[in-house]
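Participant: Predicted model follows, preceded by the sequence.
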Amino acid sequence: MTTVSDQDWRRVVFGSLDTVGNAKPMGYLPLATLEKHLSMNICDVVSSLEGRGLKARTFSPDECCINTGALYVYDPVALQNVLNGAVAVLERSGWDLVAESFVEYAAKSWVEPSHPVYPVIQEAFGDLR
């Protein structure tokens, strides 16, 4: 039986943020996952990701739909490109067309698969099923 080492597990879980870029314009992890399960300092994580040219925003439990709060990370250029390709659906749904505001709205709103903006969110997260 093969087991997964703690380092491998950390790499897989953190990979959802570490792979943010052109192919995956946006990612998030719950704050509890980063702090308790991965033993990572949020400020250090943010500094490291911003050093790669990414933007990061921490949302408290009161500010987002994730119970423990979450760290959202995004590539501002790649995310803006996704949004530019979805102007009509975003405008019809009342969503903002600016990357930073889109991230804020996505963090606050739990969107069901039947919602018109759901495919845009999927694309933003690099989920192109």
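Facilitator: It's in.

Participant: the helices in the chain, which residues?
Facilitator: Listed in chain order, the helices of the chain (DSSP state H) span 6-18, 31-32, 42-50, 76-84, 87-93, 99-108, 118-124.

Participant: Which of those helices sits closest to residue 62?
Facilitator: Of all these, helix 99-108 sits nearest to residue 62, with 10.0 Å by CB to CB. Every C-beta, even on glycine, is put in place using the N, C-alpha and C of the backbone.

Participant: Next one: the most centrally placed residue in the chain from residue 112, what distance?
Facilitator: For the chain, the residue nearest the mean C-alpha position is residue 27 (2.4 Å; CA atoms, centre = their mean). Remark: distance between residue 27 and residue 112 (CB to CB, to the nearest Å) = 20 Å.

Participant: Please pull out the lowest mean pLDDT helix or strand from this protein.
Facilitator: Ranked by mean pLDDT, DSSP states H and E, the helix or strand of the chain with the weakest confidence is helix 6-18, at a mean of 66.

Participant: can the helices of the chain go into CSV with extra columns for mean neighbour count?
Facilitator: Output for these, formatted as CSV (neighbours: other CB atoms under 10 Å):
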stretch, mean neighbour count
helix 6-18, 14
helix 31-32, 18
helix 42-50, 14
helix 76-84, 17
helix 87-93, 13
helix 99-108, 19
helix 118-124, 18
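
Participant: Now distance to residue 66 too, for these, in JSON lines please.
Facilitator: Compiled in JSON lines, the helices of the chain are given as follows (distance: least, CB to CB, whole Å):
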{"stretch": "helix 6-18", "distance to residue 66": "13"}
{"stretch": "helix 31-32", "distance to residue 66": "8"}
{"stretch": "helix 42-50", "distance to residue 66": "14"}
{"stretch": "helix 76-84", "distance to residue 66": "19"}
{"stretch": "helix 87-93", "distance to residue 66": "21"}
{"stretch": "helix 99-108", "distance to residue 66": "8"}
{"stretch": "helix 118-124", "distance to residue 66": "14"}
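
Participant: and residue 74, how many residues sit next to it?
Facilitator: If you count neighbours by other CB atoms under 10 Å, residue 74 ends up with 28.

Participant: Contact partners for the residue lying closest to it once chain neighbours are set aside?
Facilitator: Excluding its sequence neighbours, the residue lying closest to residue 74 (CB to CB, 6 or more residues apart in numbering) is residue 26, at 4.3 Å. Residue 26 makes contacts with 20, 72-75, 79, 103, 106, 124-126, as judged by CB atoms under 8 Å, 6 or more residues apart in numbering.
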